[in-house]
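Colleague: Just need the structure, nothing else, for what follows:
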Amino acid sequence: MGTLARPAGEAPVALVAGASSGIGSAVAHRLAADGYRCILHCRRNRVHADAVAAGLPGTGHLVASADLTQPPDITRLVQTVRRHAAKWPSVVVNCAHPTPHTGDLVDVTPEAWTTESGAIAVHLALISAFVPPMVAARGGCLVAISGGLARRHSAGLGLYGAAKAAVEVLTRTLALEVGRYGVRANVVAPGRLAGWTDEPGPETDPFARLDAATKDRRALPDLPTAGDIAEVVGFLVSPSAAGLSGHIIDVNSGEQIG
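Modeller: Below is the predicted model:
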């Protein structure tokens, strides 16, 4: 239920968008360890994505670069998957997002919104290109990586939060639309992660303000890691989560309790 059936011994295929570093890299490692052949998508960091692929357990992994806001690149990605992947992906995990925009909404430029809203275009592109074959096969799973700022608002980070909120709405609506075909769609929403490279800067930095505001609200003393996020994704795409669709799972050390 909710996953593509496969003959014994035939590895399933997963597409991980934004797989060249961070959460995407961790997700690829988790799925490969579970026996998936992974298609690692990257936009620019092909060298990094190749290095991730080389370090994955198993064989048959593929790296594909594409700007998923551009229709010709989407077409090329689909063609690459058809030519080189052993089979069509039964799992799609969207970890892709541009560098978050920071700044007050009154100062947002059209260029800033175009860049940030690219995350919405990417998610829609993945849905339109890769979910219809899941529907035809009567099974599959999509997971979107969102963030706490989609629902917990913070000054200076409104544009980023709006883009993440849109991805959540699209994913949960997709769950309603394709559930009757055995296709599931869920969201994993991290808070701040241990090991992030964007360490808090001066007190005027919105991420630093957010970090200070949420630190005392976390129920657990340690921040989650990218590996923790990947573990949740691995569960969501597994048969153990066959009854879960349309959910948002917060992974933030219990921040939402405070």
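
Colleague: tell me which helix or strand of this protein sits lowest on mean pLDDT?
Modeller: Of all regular secondary-structure elements in the chain, judged by mean pLDDT, DSSP states H and E, the least confident is helix 206-215 with a mean of 70.

Colleague: okay, it in CSV with CA atoms only?
Modeller: The C-alpha atoms that make up helix 206-215 are tabulated as CSV, following Å, rounded to 0.1, in the frame of the first residue of the first chain:
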residue,chain,number,x,y,z
PRO,A,206,17.0,37.4,11.7
PHE,A,207,18.4,33.8,12.0
ALA,A,208,20.3,34.9,15.1
ARG,A,209,17.2,36.5,16.6
LEU,A,210,15.2,33.4,15.8
ASP,A,211,17.8,31.1,17.4
ALA,A,212,17.8,33.2,20.6
ALA,A,213,14.0,33.3,20.7
THR,A,214,13.5,29.5,20.3
LYS,A,215,16.5,28.1,22.3
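
Colleague: starting at the chain centroid, how far to that helix?
Modeller: In terms of Cα atoms, centre = their mean, to the nearest Å, the gap separating the centre of helix 206-215 from the centre of its chain is 23 Å.

Colleague: Past it, which element shows up next along the chain?
Modeller: Stepping forward along the backbone from helix 206-215, the first helix or strand reached (DSSP states H and E) is helix 226-236.

Colleague: Run through the neighbouring helices and strands of that following helix.
Modeller: The elements that helix 226-236 packs onto, with contact taken as 3 or more Cβ pairs under 8 Å, 6 or more residues apart in numbering; DSSP states H and E, are helix 22-33, strand 140-145, strand 183-190, strand 248-251. Placement of C-beta: from N, CA and C, glycine included.

Colleague: Need the contact partners of the second one.
Modeller: To tie it back to what came earlier, the one meant is strand 140-145. Contact with strand 140-145 is made by 2-4, 18, 23, 89-95, 97, 123, 126-127, 130-131, 133-134, 167-168, 170-171, 174, 182-190, 229, 233, 236-237, as judged by Cβ atoms under 8 Å, 6 or more residues apart in numbering.
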